[in-house]
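*Asks:* sequence and predicted structure, then a few things I'm wondering about:
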Amino acid sequence: MSSRHCILVGAPVDSGKRRTGCLMGPDAYRTAGLAGALESLGHTVEDIGNVTPAPHAPDDGAGKLHEPNLTRAWTESLSEAAEAAMARGMPIFLGGDHALALGTVRGVANHAATQERPLFVLWLDAHSDYHSLESTDSGNLHGCPVRYFTKQAQFDTFPPVPNPVPPENVCMIGLRSVDTAEREAMEKVGIHRHDMRDIDENGIARPLSAFLEKVAAQNGMLHVSLDVDFLDPSVAPAVGTTVPGGATVREGHLVCEILHDSGLMTSMDLVELNPFLDERGRTAHLMVDLCASAMGRRVFDRPTRSYNT
């Protein structure tokens, strides 16, 4: 990956679940030195500050969905911000809970359509986030982005999805908490799913490399959505949705190093960081380190295979 123009987009979304704190995430990444880490790798960095939600009616608490109006407003504004940023460089969206991906992936997909290139999504997460508005029991909308941007369910009150990501263009790695309704729905479509047993038995490089080969073969654009809870809570405690048995620090870096070697990543989410739950910033620093690995930081240079040949 050559030098890139990285556009930092603050997305302090905190409406996707009931446990608050993710709105502090963007500033935690900034404080942990993300811009400096990227600049040290030869990239140019532009921080456009924090996006704000579009105008919306206040949520009244009626119904099972948590803050749907606010989340819809975030979807609108982040979609516009993502599409605009994609036209100028490589956006890195600083979350914010995973409901932000309702907007970021929608916007990135709109841009990919203008380039007549397919969009692929790598979902690094303990959860599949494949609920519909009807299937979610919690009403927490951070559990719905993938179902929304693949257009596999009706989200009538949300912005339409003119350029849905085909399910077979989505790869989930690190799964270990999938609700029954999500599992049954995913079994009907072609999403690539790799839970932690698969990773334990076959390693993390094999499924990732197979997916990247598919992206390269179709000249695709690649959006990477990295959730803190992809990692084991023993190394990344600053998340409200901890699930034991996650990826190790080394596995996380391996994923990001392989992504860099591929040269395929065109946008990235960093999500679900809740600094209120962190231990002296250790999770924020780890997420910054992983982002730096995805953008080229390594111990030694070495010859690597190209996914573009």
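*Replies:* Everything's here; your move.

*Asks:* can we go C-alpha only for contacts and neighbour counts from here?
*Replies:* OK.

*Asks:* where does the stretch 151-300 of the chain dip in pLDDT?
*Replies:* 299-300 (pLDDT under 70).

*Asks:* show me where it has strands.
*Replies:* 170-175, 192-195, 221-227, 265-271 (DSSP state E, counting those that start in this stretch).

*Asks:* can you redo these as a markdown table with distance to Glu257 and mean neighbour count?
*Replies:* Compiled in a markdown table, the strands of the stretch 151-300 of the chain are given as follows (distance: least, CA to CA, whole Å; neighbours: other CA atoms under 10 Å):
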| stretch | distance to Glu257 | mean neighbour count |
| --- | --- | --- |
| strand 170-175 | 15 | 23 |
| strand 192-195 | 19 | 18 |
| strand 221-227 | 13 | 23 |
| strand 265-271 | 11 | 25 |
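
*Asks:* ok, Val235 - contacts?
*Replies:* Applying CA atoms under 8 Å, 6 or more residues apart in numbering, one finds that Val235 lies in contact with 248-249, 283.

*Asks:* export the strands of the stretch 151-300 of the chain to TSV and tack on distance to Ala205?
*Replies:* Putting these into TSV (distance: least, CA to CA, whole Å) gives the following:
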stretch	distance to Ala205
strand 170-175	10
strand 192-195	11
strand 221-227	15
strand 265-271	16
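
*Asks:* point to the residue nearest the middle of this structure.
*Replies:* Nearest to the mean C-alpha position of the chain, by CA atoms, centre = their mean, lies Ser225 at 1.7 Å.

*Asks:* ok, and the closest non-adjacent residue to it?
*Replies:* Distance criterion CA to CA, 6 or more residues apart in numbering; nearest residue to Ser225, sequence neighbours excluded, is Asp269 at 4.5 Å.

*Asks:* tell me the contacts of the one you found?
*Replies:* Shown in contact with Asp269 (CA under 8 Å, 6+ apart): 92-95, 101, 104, 223-227.

*Asks:* bridging residues for it?
*Replies:* Going by DSSP bridges, Asp269 is paired in beta bridges with Phe93, Ser225.

*Asks:* gap between it and Pro26?
*Replies:* Applying CA to CA, to the nearest Å, the value for Asp269 to Pro26 is 11 Å.

*Asks:* overlap of the contact sets of the two?
*Replies:* With CA under 8 Å, 6+ apart as the test, Asp269 and Pro26 both reach 94-95.

*Asks:* picking that back up, okay, the contacts of Val235 in a markdown table with distance to Met265 and neighbour count next?
*Replies:* Below are the contacts of Val235 laid out as a markdown table (distance: CA to CA, whole Å; neighbours: other CA atoms under 10 Å):
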| residue | distance to Met265 | neighbour count |
| --- | --- | --- |
| Thr248 | 22 | 16 |
| Val249 | 20 | 17 |
| Thr283 | 23 | 26 |
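
*Asks:* looking at those, which is nearest Glu257?
*Replies:* Nearest to Glu257 out of the contacts of Val235 is Val249 (CA to CA; 12.2 Å).

*Asks:* that closest one reaches Leu231, doesn't it?
*Replies:* Yes. Contact criterion CA atoms under 8 Å: Val249 and Leu231 qualify, at 7.2 Å.

*Asks:* got the angle between the biggest helix by length in the chain and strand 265-271?
*Replies:* If you go by DSSP state H, the chain has its longest helix at helix 68-86. If you take axes from the mean of the first three to the mean of the last three CA atoms, to 10 degrees, helix 68-86 sits at 150 degrees to strand 265-271.
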